[in-house]
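S.K.: Starting from these lines, generate the structure:
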Amino acid sequence: MAATPQKPAAATPRRKVSRHRGEGQWAAGHFTPLNGNEQFKKDDDGLNVRTRIETIYSKRGFDSIDPNDLRGRMRWWGLYTQRRPGIDGGKTAILEPEELDDSYFMLRVRIDGGRLTTQQLRVIGEISQEFARGTADITDRQNVQYHWIRIEDVPEIWNRLEAVGLSTTEACGDTPRVVIGSPVAGIAADEIIDGSPAIDEIQRRIIGNKAFSNLPRKFKSAISGSPLLDVAHEINDVAFVGVNHPEHGPGFDLWVGGGLSTNPKIGVRLGAWVPLDEVPDVYEGVISIFRDYGYRRLRTRARLKFLVADWGAEKFRQVLEDEYLKRKLIDGPAPAQPVERWRDHVGVHRQKDGRFYVGFAPRVGRVDGATLTKIAELAEAHGSGRVRTTVEQKMIILDVEEAQVESLAEALEALDLTTKPSPFRRGTMACTGIEYCKLAIVETKARGSALIDELERRIPEFDEPITININGCPNACARIQVADIGLKGQLVLNDQGEQVEGFQVHLGGALGLEAGFGRKVRGLKVTSDELPDYVERVLKRFQAEREDGERFATWAARASEEALS
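M.R.: Presented below is the predicted three-dimensional model:
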């Protein structure tokens, strides 16, 4: 009997195999540019644009600038085009870059550690008055930003800054940005360790070095030996925080992977203690990991915080030790809880040498060139040659003799620069906003200043530390997620159904050892006009409902949505 013919086995469907593109990590061999930013960086290092600015663009004018230089490489020298006047927030995400660009620039002066001499401050003020229509905002990263800068004037501005030891090198771009530091480093009586020598060595070794001038994105750094934890270390890519090791003495606790924007993450401790003289080596190791392993395929994932989140602290430390340092780090303790709620050094404080430093509060970082020049003159008239900026948009004059303190405070008050600000003046910060920023949706600086005035008038008895951070867009330059009251600018509907400027509200964020992100109440959005009413209402509820000694952030975490609305 003939065998029954067998049906051929059905062919297994072939699965389409797509080539894994990877994340654009150089260390994994992914060198092919994966977006326009990576392409223009591969074509020419951003640091090279300075020569073109000096020899071509400053002589031929704005229209001669190559687009990849204009919206890319010029950031390596602190230059961004500013927003064209008259473009409302509703068009921010709609218009093409060339439609948003004005023919003027924002120029950022990097001030590592917030350290200035009065001579440097005077030059900053003079440049502001001569070239920037008087603008000179203090940022929350200790820098100064000018606006209305013409490309024709940039070489002369550089000459004047560099003549007094300042620069704009890598103040922006995919680079190692300013290294922020304790503004009272080396002088505070309670300081654990002075990190200034490490900042100086990092500047010498890293800034302007083409080995580190093509990073996946920006790289933010902080070094402080203050027990006040005064540099917002939790939201930097790398931070060195002063601690006392029980065996080895003063040094630094190492943190990596912090950052805000639209995907906020608190940095993580690696559990490592770093002595002062090894900080630059460890810094170089961390930034090298970011350069080599950072995610370059998507700009939205190109910050160190995403790599740290994927790897975890243990693997990150192991790669740092094994591949870059070639040695083990010493295990160490966490920083102690700060004993003060304010970390901005505002007021009059005794230095370890017996003299005093005097911290004062401009309004939301908004000053001008004439005021900065007067601050330099006041400092010198009262025996000081040193000034500092802070990460809270404040300023400090160092080295004041006790007999001069009262006179200096009165002179500052006359400039509306108070050493005894209300909690609202002291605790309110604002980013650049729609006035100049191409990413912004709403106005911020004037809104913040007006809010201070209203709250001082409405609830003058309020005396609790409170932070109110106002941002013009979701990018969190003003750190909205870690403020008691964080205000994220967006367009909202008013009672008449009209689209107007307003804010999404974040409540109860904090920095410090209880660091965390603010709570978003469902549907809670406030128009700009309603803002003073809303903040007054929520602060009065806090006053009525708080327990003894309770911070606003703690109350906001437990309060009902009704109480927060």
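
S.K.: what about this structure, any weak spots by pLDDT?
M.R.: Along the chain, the parts satisfying pLDDT under 70 run over 1-21, 513.

S.K.: So for it, the centremost residue is which one?
M.R.: Ranked by distance to the mean C-alpha position of the chain (C-alpha atoms, centre = their mean), the top residue is residue 141 at 4.6 Å.

S.K.: That one sits in which helix or strand?
M.R.: No secondary structure element spans residue 141, as it lies outside all helices and strands (assigned by DSSP states H and E).

S.K.: ok, now which ones touch it?
M.R.: Counting by C-beta atoms under 8 Å, 6 or more residues apart in numbering, residue 141 makes contact with 177, 178, 180, 220, 391. Bear in mind the C-beta positions are built from the backbone N, C-alpha and C, glycine included.

S.K.: hmm, try it at 6 Å
M.R.: Contacts of residue 141 were listed using C-beta atoms under 6 Å, 6 or more residues apart in numbering, and they are 178, 180.

S.K.: and if you look at residue 266?
M.R.: With contact set as C-beta under 6 Å, 6+ apart, residue 266 has these partners: 234, 258, 515.

S.K.: For residue 546, give me phi and psi.
M.R.: Reported as degrees, to the nearest 10, the phi and psi values for residue 546 are phi -70, psi 150.

S.K.: How many residues are close by it?
M.R.: 15 (other C-beta atoms under 10 Å).

S.K.: Check the secondary structure at the residue nearest to it when sequence neighbours are not counted for me.
M.R.: Nearest residue to residue 546, sequence neighbours excluded (C-beta to C-beta, 6 or more residues apart in numbering): residue 555, at 5.1 Å. Of the three states, residue 555 takes helix under DSSP: H, G, I helix; E, B strand; the rest coil.

S.K.: Tell me which stretches of the stretch 151-300 of the chain form helices.
M.R.: Read by DSSP state H, counting those that start in this stretch, the stretch 151-300 of the chain holds these helices, from start to end of the chain: 154-163, 196-206, 279-293.

S.K.: Out of those helices, which gets nearest to residue 447?
M.R.: Taking C-beta to C-beta as the criterion, helix 154-163 is the member of the helices of the stretch 151-300 of the chain that comes nearest to residue 447, at 29.7 Å.

S.K.: where does that closest one sit relative to the chain's centre, distance-wise?
M.R.: From the chain centre to the centre of helix 154-163 is a distance of 24 Å (C-alpha atoms, centre = their mean, to the nearest Å).

S.K.: Kindly export that helix (C-alpha atoms) in PDB.
M.R.: Taking C-alpha atoms only, helix 154-163 is exported to PDB below (Å, rounded to 0.1, in the frame of the first residue of the first chain):
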ATOM      1  CA  VAL A 154      31.000  90.600  20.400                       C
ATOM      2  CA  PRO A 155      34.800  90.700  19.900                       C
ATOM      3  CA  GLU A 156      35.100  93.900  21.800                       C
ATOM      4  CA  ILE A 157      33.000  92.500  24.700                       C
ATOM      5  CA  TRP A 158      35.200  89.400  24.800                       C
ATOM      6  CA  ASN A 159      38.300  91.600  24.900                       C
ATOM      7  CA  ARG A 160      37.000  93.600  27.900                       C
ATOM      8  CA  LEU A 161      35.800  90.500  29.800                       C
ATOM      9  CA  GLU A 162      39.000  88.500  29.200                       C
ATOM     10  CA  ALA A 163      41.100  91.500  30.200                       C
END
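
S.K.: So what touches it?
M.R.: Judged by C-beta under 6 Å, 6+ apart, the contacts made with helix 154-163 from elsewhere in the structure are 53, 54, 58, 123, 127, 131.

S.K.: For the last one, give me its contacts.
M.R.: Residues touching residue 131, when contacts are defined by C-beta under 6 Å, 6+ apart, comprise 153, 157.

S.K.: mind running it again at 8 Å?
M.R.: Neighbour list for residue 131: 146, 148, 149, 150, 153, 156, 157 [criterion: C-beta under 8 Å, 6+ apart].
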